[in-house]
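Trainee: A structural model of the following input is requested.
(one chain, ligands or ions: 2)
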Amino acid sequence: MSKFDQFFVMKPADVLEYAREKLDMFEPNAKLSAAEIGDGNINYIFRVWDTESNKSVIIKQAGPTARISDAFVLSTDRTRIETDILKLENELAPGLVPIVYKYDDVMSCCAMEDLSDHVIMRTALLEHKTFPLFADDITTFMVNTLLLTTDVVMDHKKKKSLVKNYINPELCEITEDLVYTEPYNDFNKRNNVFPPNLQWVTENVYGDAELRLEAAKLKFDFLANSQALIHGDLHTGSIFIKQDSTKIIDPEFAFYGPIGYDTGNIVANLIFAWANGDATLTDESERARYLGWVEKTIVEVVDMFCSKFDKAWDENVNELLAKEPGFRQWYLSGILRDTAAVTGLEMNRRVIGLAQVKDITTIADAKARVRAERICLTAAKEFIKRRDNYQNGTQFLNTLKNSVALFSN
Ligand code: SR1
Ligand code: MG
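Mentor: Ligands and ions are numbered 1, 2, ... in the order given. Modelled structure (predicted):
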């Protein structure tokens with residue numbers, strides 16, 4: 001009999017006991033410590049470490065509701081999905097995700113590699129740090145995990161069995177509501193608009209019928225387009241980084257969805273990093289260093305994704321019809337269209353909706369925050385409405401620059 005034979009939500013002391021009893025990792029008399037280290041919206045993340053050696057582990061547990069609010073009742077099956085995905089991602093993109101040591105379906109938890117020598121990328125970006133390998137690493141991760149799980153590469157029956165294994169209705173519902181529905185009408189009264197921007201948002205977002213129609217079309221694409229096994233929440237808070245290493249974490253939202261959902265999230269969250277630097281950096285050379293790096297990275301993420309996608313296509317695509325001349329270009333242009341749309345959707349929902357980003361909310365000067373939000377929301381409308389117009393990274397950056405120009409005096 002063990003106290004871990006039946007599910008309960010663990011506290012640090014329980015996690016310490018769990019690590020000692022269930023993981024084949026620490027000496028029996030090791031002096032262990034444990035702490036909750038996560039501040040995410042969904043799960044509980046703990047670190048357990050041996051105070052006398054350098055051994056440590058991360059234990060992540062899924063509770064019956066989201067950590068952010070009991071209003072989100074969620075299946076604990078999301079830990080099974082996360083564990084399976086991390087293992088698969090490690091095969092497809094070796095070295096770019098943490099190693100999983102154990103999955104426990106009773107306690108709905110998993111034990112994985114401790115990445116404490118890395119930092120959460122959003123936190124580092126708030127300090128205006130730059131990462132030279134990021135564009136290369138994230139595009140390798142996206143091309144390998146996305147293209148290689150599509151019908152153009154996989155046997156269609158095997159792909160369908162993955163679609164079934166990764167069906168993730170409750171986490172998808174969060175995205176459907178928070179990303180696709182609520183930013184356009186405040187249907188659930190959960191939006192969190194910065195008060196000085198409320199009238200502007202009411203007129204320019206809720207009041208924009210063309211935008212609402214395009215969001216509706218995109219929602220139904222998200223619901224029905226089982227294109228690839230996507231991460232599903234690929235923002236800078238889901239990335240651990242240091243100068244020479246990038247690790248993508250937290251794939252609990254993974255399911256078969258549109259590739260552009262992942263690529264668009266990356267572009268949008270880089271734009272948030274830019275908006276924070278633009279609003280808070282006053283020293284000219286610091287601005288040039290940091291904003292220049294973010295701009296270059298936005299362009300590189302799109303362009304490197306496209307060039308690696310083309311190469312991986314030539315190396316991996318076997319499906320007869322996918323080899324028809326012109327098909328690859330048609331397929332990739334669809335991904336870029338979806339990337340632009342999701343860039344806009346993510347920007348809108350993180351400014352207006354329930355789950356916001358510190359890049360924007362920590363801008364202390366109210367006037368600067370109002371301006372940063374309007375820059376983001378105006379660019380977002382362009383990304384969504386003109387999503388057919390994007391073929392390269394410079395076009396993405398130009399939409400940001402054009403929006404900035406509208407709010408410069
Ligand atoms: C209720 S969860 C809110 C948000 O946190 C996650 O990280 C996802 O981005 C989700 O939309
Ligand atoms: Mg997360």
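Trainee: Going by C-alpha atoms from here, please, whenever you check contacts or count neighbours.
Mentor: Fine.
Trainee: who in this protein is up against ligand 1?
Mentor: Within reach of ligand 1 by C-alpha under 6 Å from any ligand atom, the chain has these residues: N41, I42, I174, T175, L178, D233, A355.
Trainee: got the residues you listed as a markdown table, with secondary structure, pLDDT and neighbour count columns?
Mentor: Compiled in a markdown table, the residues of the chain next to ligand 1 are given as follows (DSSP: H, G, I helix; E, B strand; the rest coil; pLDDT from 0 to 100; neighbours: other C-alpha atoms under 10 Å):
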| residue | secondary structure | pLDDT | neighbour count |
| --- | --- | --- | --- |
| N41 | coil | 89 | 11 |
| I42 | coil | 93 | 21 |
| I174 | helix | 96 | 14 |
| T175 | helix | 98 | 18 |
| L178 | helix | 97 | 24 |
| D233 | coil | 98 | 19 |
| A355 | coil | 96 | 15 |
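Trainee: Just flag the most distant two among those.
Mentor: I42 and L178 (13.8 Å; C-alpha to C-alpha).
Trainee: So E210 belongs to a strand, correct?
Mentor: No. Assessed by DSSP: H, G, I helix; E, B strand; the rest coil, E210 does not belong to a strand; its assignment is helix.
Trainee: wait, what's in contact with it?
Mentor: K385 (C-alpha atoms under 8 Å, 6 or more residues apart in numbering).
Trainee: Can you give me the distance of it to ligand 1?
Mentor: Distance of E210 to ligand 1, computed by C-alpha to the nearest ligand atom, to the nearest Å: 24 Å.
Trainee: How about E295?
Mentor: Distance, E295 to ligand 1, using C-alpha to the nearest ligand atom: 23 Å.
Trainee: cool, F4 as well?
Mentor: Per C-alpha to the nearest ligand atom, F4 is found 27 Å from ligand 1.
Trainee: Pretty sure that residue sits against M107.
Mentor: Yes. With contact defined as C-alpha atoms under 8 Å, F4 reaches M107; the gap is 6.6 Å.
Trainee: who's more crowded, the two?
Mentor: Taking other C-alpha atoms under 10 Å, F4 and M107 do not tie; M107 has more neighbours (20 against 16).
Trainee: one step back: go through the residues of the chain next to ligand 1 and say which is closest to K311.
Mentor: D233 (25.6 Å).
Trainee: could you list every residue that touches the residue lying closest to the closest one once chain neighbours are set aside?
Mentor: Nearest-residue entry for D233: F253, 6.1 Å, with adjacent residues in sequence omitted and distances by C-alpha to C-alpha, 6 or more residues apart in numbering. Contacts for F253 (C-alpha under 8 Å, 6+ apart) come out as R78, N168, L171, C172, H231, G232, D233.
Trainee: show me where the stretch 1-150 of the chain has strands.
Mentor: 32-36, 44-50, 56-61, 65-66, 69-73, 100-104, 109-112, 119-120 (DSSP state E, counting those that start in this stretch).
Trainee: Could I get the contacting residues of the one residue in the stretch 251-400 of the chain that gets nearest to ligand 1?
Mentor: Nearest residue of the stretch 251-400 of the chain to ligand 1 (C-alpha to the nearest ligand atom) works out as A355 at 5.0 Å. Contacts of A355 were listed using C-alpha under 8 Å, 6+ apart, and they are L178, R349.
Trainee: And it, how far from I174?
Mentor: 11 Å (C-alpha to C-alpha, to the nearest Å).
Trainee: Could you check which residue of the stretch 51-200 of the chain lies nearest ligand 1?
Mentor: T175 (5.4 Å).
Trainee: Quick check: which element contains the most centrally placed residue in the chain?
Mentor: With distances taken as C-alpha atoms, centre = their mean, L234 lies nearest the centre of the chain, 1.5 Å away. Using DSSP states H and E, L234 sits in no helix or strand.
Trainee: Who are the contact partners of it?
Mentor: Here L234 is in contact with D262, T263, N265, I266 (C-alpha under 8 Å, 6+ apart).
Trainee: which one is the second one nearest to, not counting chain neighbours?
Mentor: In space, T263 comes closest to T339 once its chain neighbours are excluded; the distance is 5.6 Å by C-alpha to C-alpha, 6+ apart.
Trainee: hang on, the one you found is in a helix, isn't it?
Mentor: Yes. T339 sits within a helix when classified using three-state DSSP.
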